[in-house]
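S.K.: got a predicted structure here, sequence first:
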Amino acid sequence: MWTSVRIAGLVFFSIVVLVGCSRSGHYGDGFYKGPNSRWHSGYHTIRKGDTLYSIAFMYGYDHRTLARWNGINSPYPIYTGQKLRLTPPKKSTSSKTAKTTKRSTAKKTSKTATSKSSQPSKTSKANRRLYWRWPARGKVVERFKAGVPGKSGINIAGKRGQAVYAAEHGSVVYAGSGLRGYGKLIILKHNNTYFSAYAHNSRIRVKERQTVKKGQQIADMGSSGTERNMLHFEIRRNGIPVNPLKYLPKH
């Protein structure tokens, strides 16, 4: 009888410990929620294959914001084992003073500025207008749902080995399988605002830092990280997932 009571007590204690160790906490527990509803402890320890872009993608942040929080400048070098801050650093008194000085300097400069300098600048190549194309042929079997994990893009059904194309001109900022749930993934940077992602490929045909043209084959469709052959396609604006169907041409 006594043994049964002790066993029951140990089972109950184990359950309490497991629940307490789970990551279903809230902000007060030291865990934070990114824009894409992913929980994190406030830091990410960099693993082999990570890039600043892939980490920003994973947690749903703008890469520039993540770089600023960590004092990393372009081209954003990081190293294995490095701890990357995923929350803004606390503002110090000196930083507040620096901001005040910057504002006062900006006001003085604006008073002496010429009419020519106050005119809006022309659109730079870094923020050129984009004209998207479909990344693969096939039926859309899953649509975008804002704020719902796993539905931050669209799923296009197809056959294994089917061509996956770049939806716009861009550069490869990630090519690998380090992001759980995406399988073999490619992330393209199109300008300072827009990125696109191509997941579940069976084969990746491009390398990081490579420039690709719109319509160029970048991968073969597959089922890596999922149960069926399909392409999971995302478009992100300033790090936040947006509905690809609002950008792709109707077909």
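M.R.: Received, thanks.

S.K.: residue 53 falls within a helix, correct?
M.R.: Yes: under DSSP: H, G, I helix; E, B strand; the rest coil, residue 53 sits within a helix.

S.K.: might you list the low-confidence residue ranges for the stretch 51-200 of the chain?
M.R.: 92-127 (pLDDT under 70).

S.K.: show me the strands in it, by range?
M.R.: 83-85, 140-142, 154-157, 163-165, 170-176, 184-189, 194-204 (DSSP state E, counting those that start in this stretch).

S.K.: who's in contact with the third one?
M.R.: If you take Cβ atoms under 8 Å, 6 or more residues apart in numbering as the criterion, strand 154-157 is touched by 134-144, 228-234, 244-245. Backbone N, C-alpha and C define where each C-beta goes, glycine included.

S.K.: hmm, 6 Å instead?
M.R.: 136, 138-144, 230-233, 244 (Cβ atoms under 6 Å, 6 or more residues apart in numbering).

S.K.: in TSV, list the residues you listed along with distance to residue 201 and neighbour count.
M.R.: As requested, these are exported to TSV (distance: Cβ to Cβ, whole Å; neighbours: other Cβ atoms under 10 Å):
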residue	distance to residue 201	neighbour count
136	10	18
138	14	17
139	18	9
140	18	17
141	17	12
142	17	14
143	21	12
144	20	20
230	10	26
231	8	26
232	10	23
233	11	23
244	17	24
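
S.K.: what's the burial count for the spatially closest residue to residue 128 that is not a sequence neighbour?
M.R.: Leaving aside its chain neighbours, residue 128 sits nearest to residue 191 (6.0 Å; criterion: Cβ to Cβ, 6 or more residues apart in numbering). Counted with other Cβ atoms under 10 Å, residues neighbouring residue 191 total 17.

S.K.: ok, residue 191 to residue 154 distance?
M.R.: 21 Å (Cβ to Cβ, to the nearest Å).

S.K.: export the contacts of strand 154-157 to TSV and tack on distance to residue 198?
M.R.: Compiled in TSV, the contacts of strand 154-157 are given as follows (distance: Cβ to Cβ, whole Å):
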residue	distance to residue 198
136	8
138	13
139	17
140	15
141	16
142	15
143	17
144	15
230	11
231	6
232	8
233	6
244	11
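
S.K.: quick check, nearest of those residues to residue 180?
M.R.: Nearest to residue 180 among the contacts of strand 154-157, counting by Cβ to Cβ, is residue 232 at 13.2 Å.

S.K.: enumerate every residue touching that closest one.
M.R.: By Cβ under 6 Å, 6+ apart, the neighbours of residue 232 are 153, 155, 199, 200.

S.K.: how does the chain divide into domains?
M.R.: 25-89, 131-246 (automatic domain parsing).

S.K.: out of these, which is the most enclosed?
M.R.: domain 131-246 (a mean of 18; mean count of other Cβ atoms under 10 Å).

S.K.: quote the end-to-end distance of that domain.
M.R.: 12 Å (Cα to Cα, to the nearest Å).

S.K.: any idea how far the closest residue to residue 176 other than its chain neighbours lies from residue 57?
M.R.: The shortest distance from residue 176 to any non-neighbouring residue, by Cβ to Cβ, 6+ apart, is to residue 49 (4.9 Å). Relative to residue 57, residue 49 is positioned 13 Å away (Cβ to Cβ).

S.K.: equivalent analysis for residue 88, please.
M.R.: 19 Å.

S.K.: one step back: now the contacts of residue 232 in a markdown table, with distance to residue 240?
M.R.: Shown next, in a markdown table, are those (distance: Cβ to Cβ, whole Å):
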| residue | distance to residue 240 |
| --- | --- |
| 153 | 12 |
| 155 | 19 |
| 199 | 17 |
| 200 | 22 |
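
S.K.: angle of the helix or strand encompassing residue 234 against strand 194-204?
M.R.: Taking DSSP states H and E as the definition, one finds residue 234 inside strand 230-237. Here strand 230-237 points in a direction 160 degrees away from that of strand 194-204 (axes from the mean of the first three to the mean of the last three Cα atoms, to 10 degrees).
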